[in-house]
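A.B. asks: Okay, predicted coordinates and the sequence, questions at the end:
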Amino acid sequence: MSEFDIKKIKIHEGKNDTDLIKNIIKETESDDPFYILDIEDIIEKHKLIVEKMPRVVPHYAVKCNPDPTVIQTLAAMNANFDCASKQEIQLVLKMGVSNDRIIYAHPGKAPSHIKFAKKVGVEKTTVDSKSEILKLKKLYPESKLLIRVALDGSADQCGVNFSEKFGCEVTTEAIELMEYMKNLKMTLLGFCFHLGSPCLDTSSYGKGIKVCNNLINIAKTMGHIEANVIDIGGGIQGQDTDYLNKLALSINDALKHVDPEIEIISEPGRYYVESAFTLSACIIGKKTIKKDDNIEKFYYVNDGTYGAFIEELLDIKHRIPNSLYCQSNKMFVSTIWGRTADPYDILVKSTPMQDFEEEDWMIWKNMGAYTSSLATTFNGFIPASVYPFIRKSSLNYVLNEMKNNIH
Ligand SMILES: *Cc1c(COP(=O)(O)O)cnc(C)c1O
């Protein structure tokens, strides 16, 4: 495995994270936005999910945040990886992860990416149609396939829904694909689903396991003797212990009825990274606007919907920041605009929040998931950089955890 480059990591000696942020601002003398990345948080997330669901092998969904320190940390913790493209596979292999620890979990792959997977020996991949199976038969006949079935969590408890885009219908269509694979002599490794992102409906995971287990039994009777994997996808939340306990209950309960020989894997993305990243962006402009008899504060901030805040552009989230230098109780209806010249670049519209001074910085916690991985250079702006850190008090613990896990 590639050496973990400790020189690039900040050793955090202060009491709280704002001390570290202030130090970075002082050191760099820059007004560019940046994240701090808590490496220990990633390690704790990994240990916790393995402890709560010991039969489930997590594969980190790289698309959620491909930051090299995140990949290196998880590689050192012996986690596995879910990649969706040639480039993601390349990135993970470069960190010294072996090809058998990667699943190429995308049911609609470009031929050149399949050829690359074959070249580097990443065998496991997902399919949901005859055309994808045939493509793999031609380009990568040794590949091992998981059939993706279309299952959703309940609509009111799940965010982005994936089953309109991907997945086959559970019984008839899945059986057709199994037969098709049998005729083509392709290896069926098992079944997978991805409920939504995030998916708060924990019972759907248990139900999904049951569905896949039944499909494995059918596959076995058809002679697919290698069908031994159930992949429960991602959508797992990272910041709520109650939720994680409920999820573990649903999953572990369902697994009581699943043959111990069957391997269970998951593909968490946001679970691992959301809380580990905190974003800081400085205020570059402020106005007070009169609207009838009321006033509204406008802030112009040095990041935006084409940077870290794509979920604001998609109207999924509207996150309110804290202040770095002056917390205040005075509330004003305010709008936060992003740094580009585009009027769609708006983070929060006409919402009560504290008054911010013009030289202050805005701080957003829980900014690790689907933020930097979706940032663009629209208008010439550069996406926020990342400063990984370890608290001085945890340094030995963190380094030991990683060392002990390298085989
Ligand atoms: C995006 C994705 C994931 C990760 O989803 P999270 O909500 O970030 O956990 C996992 N599996 C598949 C197939 C995905 O498309």
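C.D. replies: Alright, I've got the coordinates.

A.B. asks: what about G285, which SS state?
C.D. replies: Classification of G285 by DSSP: H, G, I helix; E, B strand; the rest coil places it in strand.

A.B. asks: Run a quick neighbour tally on it.
C.D. replies: Residues within reach of G285, counting by other CB atoms under 10 Å, total 12. C-beta: built from backbone N, CA, C; applies to glycine.

A.B. asks: any idea how far P107 is from it?
C.D. replies: Spatial separation of G285 from P107 under the definition CB to CB, to the nearest Å is 45 Å.

A.B. asks: cool, and L151?
C.D. replies: For L151 relative to P107 (CB to CB), the value is 14 Å.

A.B. asks: list the residues that contact both of the two?
C.D. replies: Here L151 and P107 share the contacting residues G167, scored by CB atoms under 8 Å, 6 or more residues apart in numbering.

A.B. asks: Next up, the contacts around the closest residue to L189 other than its chain neighbours.
C.D. replies: With CB to CB, 6 or more residues apart in numbering as the measure, K144 is the residue that lies nearest to L189, at 4.2 Å, once sequence neighbours are left out. Residues in contact with K144, defined by CB under 8 Å, 6+ apart, are 123-125, 187-189, 226.

A.B. asks: Sort out which one of these lies nearest the ligand for me.
C.D. replies: The shortest distance between the ligand and any of the contacts of K144, using CB to the nearest ligand atom, involves T125 and amounts to 11.1 Å.

A.B. asks: so what's the closest one bridging to?
C.D. replies: Y104, L145 (DSSP bridges).

A.B. asks: Could you tell me how many residues sit around it?
C.D. replies: When counting by other CB under 10 Å, one arrives at 24 neighbours for T125.

A.B. asks: Run a quick check on it versus L146, I expect a contact.
C.D. replies: Yes. Under the criterion of CB atoms under 8 Å, T125 lies in contact with L146, with a separation of 7.3 Å.

A.B. asks: Now do the shared contacts for these two.
C.D. replies: In terms of CB under 8 Å, 6+ apart, T125 and L146 are both contacted by the residues 103, 105.

A.B. asks: Which pair of the contacts of K144 spans the longest distance?
C.D. replies: Across the contacts of K144, no pair lies farther apart than T125 and E226, at 14.2 Å, counting by CB to CB.

A.B. asks: Give me the next element, helix or strand, following the helix or strand containing L177.
C.D. replies: When elements are defined using DSSP states H and E, L177 is found to belong to helix 172-184. From helix 172-184 onward toward the C-terminus, using DSSP H and E, the following helix or strand is strand 187-192.

A.B. asks: Packing partners of that next one?
C.D. replies: The elements that strand 187-192 packs onto, with contact taken as 3 or more CB pairs under 8 Å, 6 or more residues apart in numbering; DSSP states H and E, are strand 144-148, helix 172-184, helix 203-221, strand 229-231.

A.B. asks: Tell me where the stretch 201-350 of the chain has strands.
C.D. replies: 229-231, 263-266, 277-291, 294-301, 322-323, 331-337, 346-354 (DSSP state E, counting those that start in this stretch).

A.B. asks: Highest mean neighbour count out of those strands?
C.D. replies: Most buried of these by mean neighbour count (mean count of other CB atoms under 10 Å) is strand 229-231; its value is a mean of 25.
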